[in-house]
Every structure is written in C-alpha cells, then in structure tokens.
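Visitor: Fold the following.
(one chain, ligands or ions: 1)
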Amino acid sequence: MTVLLEVTNLRTEFTARAGLVRAVDGVSLQISRGECLGVVGESGSGKSVTFSSIMGLVRPPGHVTQGTIFFDGRDLRGMSAEEMRGVRGRDIAMTMQDALTALNPALTVGEQLAEVLIAHDETLPKGRAARRAAIRDRCVEMLGLVGIPSPDSRLRQYPHEFSGGMRQRIMIAIALACRPKLLIADEPTTALDVTIQAQVLELISDIRGQMGMAVALITHDLGVVAEHCDRVMVMYAGQVVEEGPTDDVISHPRHPYTRGLLASIPRPALRGQPLTPIKGQVPNLMGLAPQCRFHSRCPLAQPDCLVEVPMLSAGPGRRARCLRLEETS
Ligand SMILES: Nc1ncnc2c1ncn2[C@@H]1O[C@H](COP(=O)(O)OP(=O)(O)OP(=O)(O)O)[C@@H](O)[C@H]1O
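Guide: The predicted structure is shown next:
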C-alpha cells in the first residue's frame with residue numbers, strides 16, 4: 001500500500017499565561033491509501049491537536065513549531081493559507097466532535113452541502129441551470145448515502161430540526177461531499193447512544209470501502225478500534241507510545257500504558273473480574289522533563305526510565321516507547 005499521509009516529528013505548542021504547553025511533542029505517523037488508523041488515548045493526550053495541526057487548523061496562541069507533513073507527496077507545512085483551504089474539503093476532510101457547533105445553524109443542510117461542492121467540485125457543469133441541477137442531485141445523493149430518509153425534502157431543513165445522530169450523519173455527508181482521500185473522524189460517536197454509534201461507524205466503514213478513502217478514527221473506545229481499524233496508534237501526554245496492527249496491539253499490548261487502557265475496559269471474556277483503572281493522572285504538559293511521561297503511573301518503572309525514551313521496535317510492524325519491552329514480550 002502506498003503512503004498517503006506521512007507526518008514526522010510534529011510538535012505543536014500553545015502559549016498560555018502560565019507558560020508553554022507542548023500539546024503534541026514529536027509525533028510521527030503514516031497512513032496508507034484506503035487504510036483506517038485508530039488513534040486512542042485519554043482526554044488531553046493530544047489526539048485532536050495532532051490532527052488539527054495536520055489540517056492547518058491550529059489557531060494562535062497555538063503554533064506548529066516543528067516537523068514535516070506530507071500528503072499525497074505534497075508538503076502541507078510549506079503551503080499558503082489559500083492552498084491549504086483547497087486541500088481541506090477536497091483532499092482531507094475532518095468531522096468534529098460536536099456536530100451541533102460544527103454545523104452552521106443559520107443555513108439549511110442543503111445550503112451547507114452545496115457550499116462545499118461549489119468550493120471544491122471541479123466536475124460541476126458550467127451552465128447555470130445544469131450546475132444548479134447537478135448540485136441538487138449531488139446533495140440528495142450524499143444525504144441518501146449517509147442514510148437520511150427523504151433526502152429531497154430534508155435538504156431544506158436547518159441543523160436544529162435533526163436529531164443528534166442525524167446531525168452526525170449530515171456532518172459526515174458534508175465531509176464526504178468532495179470524496180476526500182482522507183477522512184479524519186474526531187470522536188464521531190461521543191454524543192450518540194449506542195445503536196446510533198454503531199450505525200455511524202458502520203456508515204464510515206461502508207463509505208470507506210466504496211470510495212477507497214483512508215480514515216483516521218480518533219476515539220476513546222478500544223472496542224471501536226478493534227472493530228474498524230487496520231492499525232492503531234496510542235497517544236499519551238502529547239506523544240505516540242505504541243503503534244501497530246490493531247489485532248496484534250490489542251491481543252498483546254507492549255507498552256504499559258496500552259496494557260493499562262486494555263485492563264480498564266470491560267471485556268466479555270473477563271466478565272465477573274474487577275476492572276483495573278490506571279492509577280494517577282496524565283501529567284501537566286507544561287515544562288515536562290525529558291523522561292518517560294508514563295513513569296509515575298507505570299507498574300514496571302525503574303530509575304533508568306527517567307530518560308527521554310525513543311520509539312523502539314516491538315515486533316513486526318510495531319513500535320513502542322518503553323525501555324521495559326523485554327518484560328512485556
Ligand atoms: N486552545 C488551547 N490553549 C491551550 N492549550 C490547549 C488548547 N487546545 C488544546 N490545548 C492543550 O492540548 C492538550 C491536548 O488536547 P487535545 O484536544 O488534542 O486532546 P485529546 O487527546 O484530543 O482529548 P479529548 O479526547 O478530550 O478530545 C490539552 O490537554 C491542552 O493542554
């Protein structure tokens with residue numbers, strides 16, 4: 001599979017009154033064409049900021065201060081704001097955690113879909129009437145694709161006239177309108193109940209199959225990753241701590257943090273056994289010392305862990321940021 005997105009050594013910092021917050025610190029990742037990468041980690045681990053940085057959507061006081069981002073062979077960090085606007089929507093689309101705030105309450109769903117098509121779809125006919133008809137057809141097609149019943153009439157409705165699950169689907173329809181090569185889905189199901197969650201995820205997987213699109217699925221839920229992702233990347237305190245093929249990482253986690261995450265979720269095979277939450281808290285990202293960030297919570301920690309730990313090979317296609325890998329092999 002050819003590489004679609006390649007990020008190397010990305011760093012994103014926020015200048016806060018109390019000091020510098022390094023929200024993303026040395027993140028490297030790759031996504032191949034058509035692949036689904038799961039991105040997991042506790043709240044505040046830097047998942048959203050990593051992908052907002054890739055999209056060029058970090059706003060002051062935040063700045064990308066280091067690293068390279070190549071998409072489809074093009075250098076995104078070297079692009080102008082205008083060029084990046086072209087990439088967003090057409091090549092890479094991102095759905096946000098909260099559909100209600102991401103959608104424009106003052107425009108109908110049809111108007112919002114049409115806006116994206118007008119901005120990015122170069123295949124639309126030039127003549128006015130033909131163009132209008134083509135835009136309308138595409139809007140109906142996209143709402144139909146995400147499973148909105150009677151898409152024709154619902155195009156004229158506003159976001160508040162839809163349920164939470166429907167709004168998520170509409171946001172996905174808008175993201176998919178220009179057939180992006182990569183969809184970044186940030187917690188697409190957080191606000192939804194369990195059945196709707198499953199439907200939205202199935203929908204993303206189906207469309208991925210139909211369009212050959214790559215997906216980065218940001219989630220707290222390792223169950224979701226197990227079901228939908230080819231590979232998984234685990235983040236902790238602004239860094240990637242483990243990555244590899246999903247089945248391998250979930251069946252045999254190598255980083256103590258990934259092991260902790262897996263021990264803290266209910267699994268049918270372990271019914272009746274108590275869950276073990278990870279003790280302690282994610283460290284403050286301000287002024288972190290150059291040492292293993294999981295050290296204070298780690299059951300395997302030794303004094304020699306108080307050094308900056310690089311990503312180390314942890315088996316075929318796998319890497320983990322830990323000096324105790326021999327104890328988890
Ligand atoms: N606008 C901001 N100003 C200052 N710091 C910020 C800002 N946005 C994010 N951060 C910092 O970046 C860290 C990482 O945030 P991010 O939203 O990427 O985490 P996350 O892993 O996506 O969490 P969640 O799962 O809750 O969305 C936060 O803990 C916070 O310290």
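Visitor: When you work out contacts or count neighbours from here on, use the C-alpha atoms and nothing else.
Guide: Fine.
Visitor: quick one: contacts for the nearest residue to residue 147 once chain neighbours are set aside?
Guide: Spatially, and ignoring its direct neighbours in sequence, residue 147 is nearest to residue 169 (7.7 Å; Cα to Cα, 6 or more residues apart in numbering). Applying Cα atoms under 8 Å, 6 or more residues apart in numbering to residue 169 gives the contacts 146-148, 200.
Visitor: cool, residue 276 as well?
Guide: By Cα under 8 Å, 6+ apart, residue 276 lies in contact with 260, 263-264.
Visitor: Pull the number of nearby residues for residue 327.
Guide: Look at residue 327: counted by other Cα atoms under 10 Å, it has 10 neighbours.
Visitor: Please list all residues in contact with the residue most central in space within the chain.
Guide: Centroid-nearest residue in the chain: residue 218, 3.5 Å away (criterion: Cα atoms, centre = their mean). By Cα under 8 Å, 6+ apart, the residues touching residue 218 are 38-40, 47-48, 184-188.
Visitor: Over to residue 1?
Guide: By Cα under 8 Å, 6+ apart, residue 1 lies in contact with 32-33.
Visitor: ok, so what distance separates residue 186 from residue 92?
Guide: Per Cα to Cα, to the nearest Å, residue 186 is found 13 Å from residue 92.
Visitor: cool, residue 177 as well?
Guide: Distance of residue 177 to residue 92, given as Cα to Cα: 11 Å.
Visitor: hmm, back to that, looking at residue 186 and residue 92, which one has more neighbours?
Guide: Taking neighbours as other Cα under 10 Å, residue 186 and residue 92 compare with residue 92 leading, 24 against 21.
Visitor: Provide a list of residues in contact with that one.
Guide: So residue 92 contacts 55, 180-184 (Cα under 8 Å, 6+ apart).
Visitor: Please state the offset of stretch 91-109 from the chain centre?
Guide: Remark: stretch 91-109 is offset 15 Å from the chain centroid, using Cα atoms, centre = their mean, to the nearest Å.
Visitor: in that stretch, what's buried?
Guide: By neighbour count on 16 or more other Cα atoms under 10 Å, the buried set for stretch 91-109 is 91-100, 103, 108-109.
Visitor: Please identify which of the residues you listed is nearest to the ligand.
Guide: Nearest to the ligand, judged by Cα to the nearest ligand atom, of the buried residues of stretch 91-109 is residue 97 at 7.8 Å.
Visitor: Surely the closest one forms part of a helix?
Guide: No - counting by DSSP: H, G, I helix; E, B strand; the rest coil, residue 97 is located in no helix; its state is coil.
Visitor: List the residue ranges of the stretch 51-200 of the chain that fall below the pLDDT cut-off.
Guide: Residues of the stretch 51-200 of the chain meeting the criterion pLDDT under 70: 99, 190-193.
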